[in-house]
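Asks: let me see the structure of the following:
(one chain, ligands or ions: 2)
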Amino acid sequence: DELISQIAAGEVIERPASVVRELVDNALDAGATQVTVRLSAGGVRLICVEDDGCGIAREELPVALKRHATSKIASLADLESVGTMGFRGEALAAIASVAELSLLSRTAEAASAHLLDGRSGELRPVARGIGTTVEVKELFFSTPARRKFLKTDATEFAHCVEAVRRHALARPDVGFAIWHEGKLAEQWRPAGQEQRWADVLGRDFIEHSVPVAWRAGPVRLAGRAGIPDAARSRADQQFAYVNGRYVRDKVLQHAARSAYEDVLHGQRQPVYVLQLEISPERVDVNVHPTKIEVRFRDGREVHQAVRHALEQALAAPRA
Ligand code: ADP
Ligand code: MG
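Replies: Ligands and ions are numbered 1, 2, ... in the order given. Here you go, the predicted structure:
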């Protein structure tokens, strides 16, 4: 079972940023209003994610570390229309199989917080407010081959920041902070959607982009699209979300490229933040363990909506 866990972990956990993504997912699922990420050595030595969410009850702490233990799926039908970020009940088990994991949590009902040491299984009361702290140390310590594939601390740190950035763009109502080696590296306070885009992507992007707003049948789109005179063109500034979940999707990417080709004749790379809302039964989010891919029931419908939405936004006269 240890081996199975490690193999499963390989699919989900590639690098520190994968851990960060899963832990922040969980914090948001728990209804956190503030998420703090602390990293050491790019996350390889330490990843600590702290939230003020609902917490985990003492007797649930050991259960949370078991494979396929999830509090989020009550029935098979739930799998079809997943409303939460995490849903496979694998992330904590996968992380615990490739690192030293400890869980510290307190619910509103509990008299104190409890700390679970993932390795020894020891459970003891400690002091903490309501919420959860997950600490992950020495990622891939028992799988040196995998550890060897990691890049420099600076690169791994950048990937971790990117993982938080993706969440932060879609959840302006939640505050985020990232610390590296004891220093505050990024902080995004709760804000409106426009303000959060500006905070995370920079004034630059806001000044050189146009609003996107579109509605067609079951598809709704909102966001911003970069225009050619952008001072800085970052190819990696393509943030797409489906029902609040960050995705990298061929249909969306192709539609965006087509729109930029049509309107701007390829004068620049597509740069955008796009939030697509669609009824859950029209999209399958269970395609890949990392949940970054989706499958639309009607790809053409989505392609057309994105293409038209961007074309309209890019072609609109600008002040
Ligand atoms: P999943 O998120 O798919 O359910 P995970 O392995 O990520 O699976 O987490 C297992 C369970 O642990 C969750 O279903 C949830 O009940 C609990 N949990 C994990 N992280 C948190 C958190 N930050 N706050 C509250 N509960 C959490
Ligand atoms: Mg999860």
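Asks: tell me the secondary structure at residue 32.
Replies: Put simply, residue 32 is coil when judged by DSSP: H, G, I helix; E, B strand; the rest coil.
Asks: correct me if wrong: it contacts residue 134.
Replies: No - using Cβ atoms under 8 Å, residue 32 is not in contact with residue 134; the gap is 11.9 Å. In short, each C-beta sits where N, CA and C put it, glycine included.
Asks: what pLDDT does residue 216 get?
Replies: At residue 216, the predicted lDDT confidence score is 89.
Asks: now the helix or strand where residue 307 lies: mean pLDDT?
Replies: Assigned by DSSP states H and E, residue 307 belongs to helix 299-315. The average pLDDT within helix 299-315 is 96.
Asks: does anything pack onto that helix? Which helices or strands?
Replies: strand 209-216, strand 219-226, helix 250-264, strand 272-277 (3 or more Cβ pairs under 8 Å, 6 or more residues apart in numbering; DSSP states H and E).
Asks: what's the closest of the ones you listed to residue 22?
Replies: Closest of the helices and strands packed on helix 299-315 to residue 22 is strand 272-277, at 21.5 Å (criterion: Cβ to Cβ).
Asks: show me how far the closest one is from its chain's centre.
Replies: In terms of Cα atoms, centre = their mean, to the nearest Å, the centre of strand 272-277 is set 14 Å apart from its chain centre.
Asks: how is this protein partitioned into domains?
Replies: 2-191, 202-315 (automatic domain parsing).
Asks: could I get the ones you listed in JSON lines, plus columns for distance to ligand 2?
Replies: Listed next are these as JSON lines, based on distance: least, Cβ to the ion, whole Å:
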{"stretch": "domain 2-191", "distance to ligand 2": "2"}
{"stretch": "domain 202-315", "distance to ligand 2": "9"}
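Asks: got those domains as CSV, with mean neighbour count columns?
Replies: Formatted as CSV, these follow (neighbours: other Cβ atoms under 10 Å):
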stretch, mean neighbour count
domain 2-191, 18
domain 202-315, 18
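Asks: where exactly do the strands run in the stretch 1-150 of the chain?
Replies: Counting by DSSP state E, counting those that start in this stretch, the stretch 1-150 of the chain has strands at residues 34-40, 46-51, 100-106, 113-117, 123-126, 131-137.
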